[in-house]
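Participant: Sequence plus predicted model, see below.
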Amino acid sequence: MGKFYISTPIYYVNDNPHLGHAYCTILADFFARYHRLMGDETYFLTGTDEHGQKVQKTAEKEGISPKELADKVVVRYKELWKKLDISHNDFIRTTEERHTKGVLKILRKMIENGDIYKDSYEGPYCVSCESFFPEKDIVDGKCPDFGHPVTVLKEESYFFRLSKYQKSLLDFYSANPDFVLPSSRMNEVRSFVESGLKDLSITRTSIHWGINFPDDEKHVLYVWLDALSNYITALGYGSENEELYNKFWPCDIHLIGKDILRFHAVYWPAFLMSAGLPLPKHIFGHGWWMKDQSKMSKSLGNIVDPNPFVDEFSSDVLRYFLLREKPIGTDGSFSDEGFIDRLNADLANDLGNLTSRLLALLDQQFQGRVTEGDGSLKEMALKQLDDYYKAMENFAPKEALEIVWAFISSLNKFLVAREPWAKPKTKDSETALSEAARALRLVSLQIAPAMPHAAGTIIKSLGFTPVSFKNFKWDDQQETRAYRISNLFPRVDKKEYFKELESKKEKAMETEKPQEEKREEPKTVSIDYFRAVELKAGKIIHAERVPKSNKLVKLIVDFGTENRQIVAGIGKKYSPEELVGRTCPFVYNLEPAKLMGVESNGMILAGNIDGEPVILQFLEDVPPGSKIT
Ligand code: MSP
């Protein structure tokens with residue numbers, strides 16, 4: 001029996017879980033379930049990243065302690081994982097005692113190896129945010145979060161000798177070319193390391209919410225050493241009982257989003273080398289789910305909440321959609337329409353119809369009796385099973401499910417060719433239906449990692465006892481009794497669905513309080529007052545009407561370093577098509593607001609002719625993000 005250890009990233013608790021987080025956890029669950037069905041002893045870890053500045057700041061804003069915030073948000077993660085049928089073996093929180101113990105053990109080993117030293121860290125510092133920011137995030141001397149002025153500050157810090165591991169890392173990548181997957185990402189990582197590694201600051205004295213550095217308590221571990229260690233602390237590393245660690249480490253695969261690849265493929269292996277511990281076998285950097293061409297984020301207001309989809313359609317449907325819709329390595333765009341289309345085509349039509357039709361025919365003609373069949377589908381079935389195994393071993397869920405759906409389509413064709421409905425209760429009908437039932441049993445096993453509920457229902461209604469891949473045999477369980485069920489995935493009327501969605505949105509809008517408040521404006525303003533308004537050039541890269549409004553247009557605006565969603569009241573005069581591609585001036589630091597339920601982060605500047613808005617444009621080409629002073 002093999003062993004398989006898979007992990008998700010640990011999620012920050014400064015915000016609620018969204019579809020992107022759900023995606024990564026569903027992917028991990030899919031592989032964990034597959035390996036369990038292969039008979040592998042499987043360990044699946046997820047959890048939350050609860051220390052550090054982001055959490056500290058959000059808690060401050062909410063007027064609660066960081067631990068209170070973590071306790072509140074962690075529940076939302078746990079509830080969502082339950083709803084999505086996530087079958088993790090453990091859930092680690094970095095505020096747990098067992099985690100701190102493990103982190104301190106790994107740190108001690110790094111110290112013993114001479115890899116930690118004290119120096120000072122120098123970088124752009126924002127006094128208002130009380131934090132350092134990477135040089136690349138500073139635009140025009142302002143912090144990326146709030147646009148406060150930054151100054152260069154020196155702070156005492158402990159450093160890790162990352163530079164010492166450059167050669168060892170490159171040697172390791174050469175010996176393990178599939179360490180980072182997909183392979184294109186391995187090249188990215190290798191080039192980064194080849195371009196030279198600087199030592200890494202691993203503590204801060206300006207952050208208080210975290211694990212204290214031993215014997216120098218004003219220093220708190222900077223989040224990444226703390227966070228990455230979760231993959232071994234959860235296994236008991238650093239505790240009295242390291243049994244799980246000894247059994248499962250090194251991890252087979254750390255599944256992560258592509259944005260945190262460097263931390264996992266460069267820093268984490270270097271930390272482990274320094275502590276004298278084995279390295280994980282694979283790091284897989286998956287692509288993102290985008291909405292309106294941008295990665296989901298709170299500031300863009302384009303976050304998709306997975307909860308309504310589960311509530312309305314079931315966790316099986318959402319899981320299937322996310323796994324099947326886009327290749328794991330690349331980005332994909334989420335839309336309600338795409339979701340409904342996929343549900344109708346693959347689930348209601350292909351799989352749902354096949355199942356209900358087959359069960360109905362078996363019931364009508366043979367009181368549900370399934371016999372041995374004639375073996376005519378066996379070869380095709382086992383061949384596609386082989387291809388499916390290959391796709392699963394290559395961490396390719398979309399491809400694996402495509403293989404199963406091609407098989408489902410062959411089964412539908414098989415029934416059309418054999419026409420059991422045209423020759424009821426004959427031997428030929430009996431063997432054709434029984435053969436198809438055996439094939440559908442295999443389908444149910446193959447979809448089990450993606451849709452555990454549907455898989456269980458199908459196998460049960462066919463009268464077979466559940467098996468795993470390990471003990472699956474095409475011809476065992478010679479006779480069973482099937483029973484009818486209604487379509488597992490009722491077809492969704494798209495028009496009705498969107499009508500209902502709109503009316504729900506309208507109702508929600510009615511309960512929102514109006515945003516516009518009348519304020520007294522001063523007659524003249526000082527130059528400082530004016531300067532407080534940050535104006536920037538932005539290029540409109542996407543525009544669409546806000547439903548139910550003839551005035552409002554939702555824009556996605558490129559500001560060079562980020563894309564923002566901005567709602568503008570110019571829809572009576574301009575069509576969305578006329579707006580895309582234009583570079584206009586925007587108020588950049590306006591408080592976020594909701595207009596007809598749509599989040600807006602900024603404001604387009606426009607003139608007014610007889611009550612009609614007219615947008616402004618520059619006489620020359622201005623790069624997006626340019627400041628207007
Ligand atoms: N806490 C760190 C990870 C530490 S792991 C030792 C972190 N947390 S996070 O909550 O910001 O992100 C967690 C994961 O969610 C990342 O892998 C990130 O790529 C993923 N996603 C966040 N938004 C996403 C999408 N829109 N689509 C897919 N996954 C994305 O980073």
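Facilitator: That came through, no problem. Numbering: from 1, shown residues only.

Participant: can you pull the contacts of the closest residue to the ligand within the stretch 151-300 of the chain?
Facilitator: Residue nearest to the ligand within the stretch 151-300 of the chain (Cβ to the nearest ligand atom): Gly257, separated by 1.6 Å. Backbone N, C-alpha and C define where each C-beta goes, glycine included. Neighbouring residues of Gly257 by Cβ atoms under 8 Å, 6 or more residues apart in numbering: 9, 20, 24, 285-286, 288.

Participant: In the stretch 501-629 of the chain, what residue comes closest to the ligand?
Facilitator: For the stretch 501-629 of the chain, Cβ to the nearest ligand atom, closest residue to the ligand: Asn563, 13.2 Å.

Participant: unless I'm mixing things up, that residue is touching Leu555, no?
Facilitator: No - counting by Cβ atoms under 8 Å, Asn563 does not reach Leu555; the two are 10.0 Å apart.

Participant: any weak-confidence spans in this protein?
Facilitator: Low-confidence segments of the chain (pLDDT under 70): 127-131, 509-523.

Participant: Up against the ligand, what does it have?
Facilitator: 9-12, 20-21, 23-24, 49, 227-228, 230, 256-257, 259-260, 288-289, 295-296 (Cβ under 6 Å from any ligand atom).

Participant: Only whichever of these are buried, select them in PyMOL.
Facilitator: Here is the PyMOL command that picks out the buried ones among the residues of the chain next to the ligand, judged by 16 or more other Cβ atoms under 10 Å:
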select buried, resi 9+10+11+12+20+21+23+24+49+227+228+230+256+257+260+288+289+295+296
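
Participant: Look at stretch 620-628 and report the distance between its end residues.
Facilitator: With Cα to Cα, to the nearest Å as the measure, stretch 620-628 spans 13 Å from end to end.

Participant: and for it, what are the contacting residues?
Facilitator: Here stretch 620-628 has contacts from 139-140, 534-539, 557-561, 583, 585, using Cβ under 8 Å, 6+ apart.

Participant: Which of the contacts of Gly257 sits closest to Thr431?
Facilitator: His286 (43.8 Å; Cβ to Cβ).

Participant: Next up, the contacts around the closest one.
Facilitator: So His286 contacts 23-24, 27, 255-258, 328-329 (Cβ under 8 Å, 6+ apart).

Participant: cool, and Leu555?
Facilitator: Taking Cβ under 8 Å, 6+ apart, one finds 540, 542-543, 565-568, 579, 604 in contact with Leu555.

Participant: any idea how far Phe339 is from the residue in the stretch 301-450 of the chain positioned nearest to the ligand?
Facilitator: Closest to the ligand within the stretch 301-450 of the chain is Asp331: 7.9 Å, counting by Cβ to the nearest ligand atom. Using Cβ to Cβ, to the nearest Å, Asp331 is found at 17 Å from Phe339.

Participant: Which one's more surrounded, the two?
Facilitator: A direct count of neighbours by other Cβ atoms under 10 Å for Asp331 and Phe339 places Phe339 higher, at 20 against 14.

Participant: SS state for the more buried one?
Facilitator: Under DSSP: H, G, I helix; E, B strand; the rest coil, the three-state class of Phe339 is helix.

Participant: what about the closest residue to it other than its chain neighbours, which helix or strand?
Facilitator: Leaving aside its chain neighbours, Phe339 sits nearest to Phe321 (5.5 Å; criterion: Cβ to Cβ, 6 or more residues apart in numbering). In the assignment (DSSP states H and E), Phe321 maps to helix 315-325.

Participant: Send me that helix as CSV with only the CA atoms.
Facilitator: What follows is helix 315-325, C-alpha atoms only, in CSV (Å, rounded to 0.1, in the frame of the first residue of the first chain):
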residue,chain,number,x,y,z
SER,A,315,-21.6,20.8,-3.6
ASP,A,316,-21.2,18.1,-6.2
VAL,A,317,-22.2,20.5,-9.0
LEU,A,318,-19.9,23.3,-7.9
ARG,A,319,-17.0,20.8,-7.4
TYR,A,320,-17.5,19.3,-10.8
PHE,A,321,-17.7,22.7,-12.5
LEU,A,322,-14.5,24.0,-10.9
LEU,A,323,-12.5,20.9,-11.7
ARG,A,324,-13.8,20.4,-15.2
GLU,A,325,-14.1,24.0,-16.5
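
Participant: Show me what that helix packs onto, helices and strands only.
Facilitator: helix 19-37, helix 307-313, helix 336-342, helix 397-418, helix 452-461 (3 or more Cβ pairs under 8 Å, 6 or more residues apart in numbering; DSSP states H and E).

Participant: Would you indicate which residues of the longest one are buried?
Facilitator: Using 16+ other Cβ under 10 Å as the burial criterion, the residues of helix 397-418 that qualify are 397-405, 407-408, 411-412, 414-415, 418.

Participant: now the first one
Facilitator: By neighbour count with 16+ other Cβ under 10 Å, helix 19-37 contains the buried residues 19-37.

Participant: Wait, a strand at Lys539?
Facilitator: Yes - counting by three-state DSSP, Lys539 is found in a strand.

Participant: Who are the contact partners of it?
Facilitator: Here Lys539 is in contact with 557-558, 581-583, 624 (Cβ under 8 Å, 6+ apart).

Participant: ok, the residue lying closest to Val317 once chain neighbours are set aside to Asp29 distance?
Facilitator: Closest residue to Val317 apart from its sequence neighbours, by Cβ to Cβ, 6+ apart: Leu343 at 5.7 Å. Here the criterion is Cβ to Cβ. By it, Leu343 lies 20 Å from Asp29.

Participant: With Pro624 instead?
Facilitator: 39 Å.

Participant: Now do the SS call for the spatially closest residue to Tyr117 that is not a sequence neighbour.
Facilitator: Of all residues not flanking Tyr117 in the chain, Phe159 sits nearest, at 5.6 Å (Cβ to Cβ, 6+ apart). Secondary structure, three-state DSSP: Phe159 is strand.

Participant: where along the stretch 201-350 of the chain do the strands fall?
Facilitator: According to DSSP state E, counting those that start in this stretch, the stretch 201-350 of the chain carries its strands in the segments 203-204, 220-221, 253-257, 282-286, 289-291, 294-295, 332-333.

Participant: in the stretch 51-200 of the chain, which spans are strands?
Facilitator: 90-93, 116-126, 131-132, 150-160, 180-181, 200-201.

Participant: As TSV, the ones you listed with distance to Ala391 would be great.
Facilitator: Below are these laid out as TSV (distance: least, Cβ to Cβ, whole Å):
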stretch	distance to Ala391
strand 90-93	28
strand 116-126	43
strand 131-132	44
strand 150-160	39
strand 180-181	14
strand 200-201	37
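
Participant: Need those strands in JSON lines (columns: mean neighbour count).
Facilitator: Below are the strands of the stretch 51-200 of the chain laid out as JSON lines (neighbours: other Cβ atoms under 10 Å):
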{"stretch": "strand 90-93", "mean neighbour count": "18"}
{"stretch": "strand 116-126", "mean neighbour count": "16"}
{"stretch": "strand 131-132", "mean neighbour count": "22"}
{"stretch": "strand 150-160", "mean neighbour count": "17"}
{"stretch": "strand 180-181", "mean neighbour count": "21"}
{"stretch": "strand 200-201", "mean neighbour count": "19"}
